[in-house]
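Visitor: turn this into a structure:
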Amino acid sequence: MKMRLIYKMMISFMLIIVLGGLVIALTINFSTSRSFKTMVNESDIAYAEELAIVFSLYYQETGRWEGVESLIRLPSQMGMQGTNTTRRSRPSGQNSGMVFSDHMMGRGQFRTLPVVLTSPSGNVLFSSIDISGVDFSEKSGIPVFGNNNSVIGVIYAGSMIGSELLPIQNAFLSSVKEAILWASIAVIGATFLIVYFLVKNITTPVIALHKASDRIAKGDLEVRVNINRQDELGELAAGFNSMTESLQKAENWKRQIIADSAHELRTPVSLIQGHLEMMLEGVYPINRDGIKTIFDETLLLTSLISELQELSSVEAGQTTLIMEKVALS
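Guide: Residues are numbered from 1 along each chain as shown. Take a look at the predicted model:
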């Protein structure tokens with residue numbers, strides 16, 4: 001099946017653009033996901049480090065872990081706290097007088113993170129989520145130090161517990177991926193339009209040259225292409241017009257040669273025919289002089305025919321020229 005050049009070029013360009021867009025989109029998507037998960041993990045570690053300080057102070061003052069969950073703000077509590085920069089938080093049943101700032105308690109998104117507290121040996125002391133089947137002996141947490149810098153517990157928060165992201169984090173990551181997808185589609189669409197006009201700009205002169213060549217094949221040597229460009233296509237159009245002009249001049253020259261040859265041949269043929277008619281009718285006597293006149297005309301006719309044959313050989317490239325040096329004197 002014959003396919004036009006514009007379609008071939010469009011398909012080729014679009015394949016390259018789509019493949020390039022997919023590679024870029026996938027690369028950005030992978031890089032964004034990895035960077036976001038790294039950022040979330042670092043944020044969770046920072047939150048766990050803050051909690052480690054809070055839990056350490058709590059244990060040093062109370063000497064036990066019961067009631068430690070009161071130090072973690074739950075989503076239902078956040079709406080009642082307003083924008084106070086400090087808040088007095090006391091363990092249930094204790095009058096410790098400890099003051100924990102909002103920074104230490106983990107302001108913003110970190111306050112909703114799941115938290116797990118284990119003993120140094122890995123026994124779970126407190127968990128804000130269901131952790132069935134989770135082996136903390138293979139995970140790395142933030143140690144909680146007691147007196148004499150001894151480790152009294154280990155804290156895990158957010159992504160430190162498992163590889164799963166929170167729903168809000170997954171929603172954010174999905175929105176980023178969706179933005180990348182739509183941006184890629186928009187870029188591919190805009191590139192398609194640019195490629196279309198670029199390919200059309202290239203193929204339009206080619207189509208004009210093709211139509212002009214068809215007219216030349218049908219004998220129209222006066223056709224010219226009007227392509228004013230300063231590139232290879234412009235040079236091709238100029239060469240095409242020059243070739244057409246040369247063909248037209250050659251055709252005119254051949255017609256002139258045929259006309260001149262016919263004129264030159266007509267004179268001796270007419271003389272021979274006239275003399276023979278006069279002799280046949282008895283006007284001219286059939287003698288040596290009359291026959292010599294006819295013979296001279298046949299010699300002229302033979303010379304003209306020989307010159308035409310030589311000209312034909314030169315035009316066909318069958319004539320071999322012997323080049324010699326000759327003294328001008």
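Visitor: CA only for contacts and neighbour counts going forward, please
Guide: Will do.
Visitor: any regions of the stretch 101-250 of the chain where pLDDT drops low?
Guide: 101-112, 133, 163-164 (pLDDT under 70).
Visitor: could I get the buried residue list for the longest strand seen in the chain?
Guide: The strand spanning the most residues in the chain, taking DSSP state E as the definition, is strand 151-157. By neighbour count with 16 or more other C-alpha atoms under 10 Å, strand 151-157 contains the buried residues 152-157.
Visitor: tell me which helix or strand comes right after that strand.
Guide: helix 167-217 (DSSP states H and E).
Visitor: quick check: angle from the longest helix seen in the chain to strand 151-157?
Guide: Longest helix in the chain by number of residues (criterion: DSSP state H): helix 5-62. On the basis of axes from the mean of the first three to the mean of the last three C-alpha atoms, to 10 degrees, helix 5-62 is oriented at 150 degrees to strand 151-157.
Visitor: just to revisit the earlier point, show me what the longest strand of the chain pairs with in its sheet, parallel or antiparallel.
Guide: The strands that strand 151-157 pairs with in its sheet are strand 115-118 (antiparallel), strand 142-145 (antiparallel) (by DSSP bridges).
Visitor: quick one on the thing from earlier: what's the longest helix of the chain packed up against?
Guide: Under the contact definition 3 or more C-alpha pairs under 8 Å, 6 or more residues apart in numbering; DSSP states H and E, helix 5-62 sits against helix 102-105, strand 142-145, strand 151-157, helix 167-217.
Visitor: pick the most buried one from those.
Guide: strand 151-157 (a mean of 24; mean count of other C-alpha atoms under 10 Å).
Visitor: ok, residues contacting the longest strand of the chain?
Guide: 44-45, 47-48, 51-52, 113-120, 140-146 (C-alpha atoms under 8 Å, 6 or more residues apart in numbering).
Visitor: let's see that with 7 Å instead.
Guide: 44-45, 48, 52, 113-120, 141-146 (C-alpha atoms under 7 Å, 6 or more residues apart in numbering).
Visitor: extract the C-alpha trace of it and format it as PDB.
Guide: Written as PDB, here are the backbone C-alpha positions of strand 151-157 (Å, rounded to 0.1, in the frame of the first residue of the first chain):
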ATOM      1  CA  VAL A 151      18.200   2.800  76.300                       C
ATOM      2  CA  ILE A 152      14.800   2.300  77.800                       C
ATOM      3  CA  GLY A 153      12.700   2.000  74.700                       C
ATOM      4  CA  VAL A 154      12.600   2.300  70.900                       C
ATOM      5  CA  ILE A 155      10.100   4.500  68.900                       C
ATOM      6  CA  TYR A 156       8.900   3.800  65.400                       C
ATOM      7  CA  ALA A 157       6.700   6.400  63.500                       C
END
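Visitor: return the distance of that strand from the chain's centre.
Guide: 52 Å (C-alpha atoms, centre = their mean, to the nearest Å).
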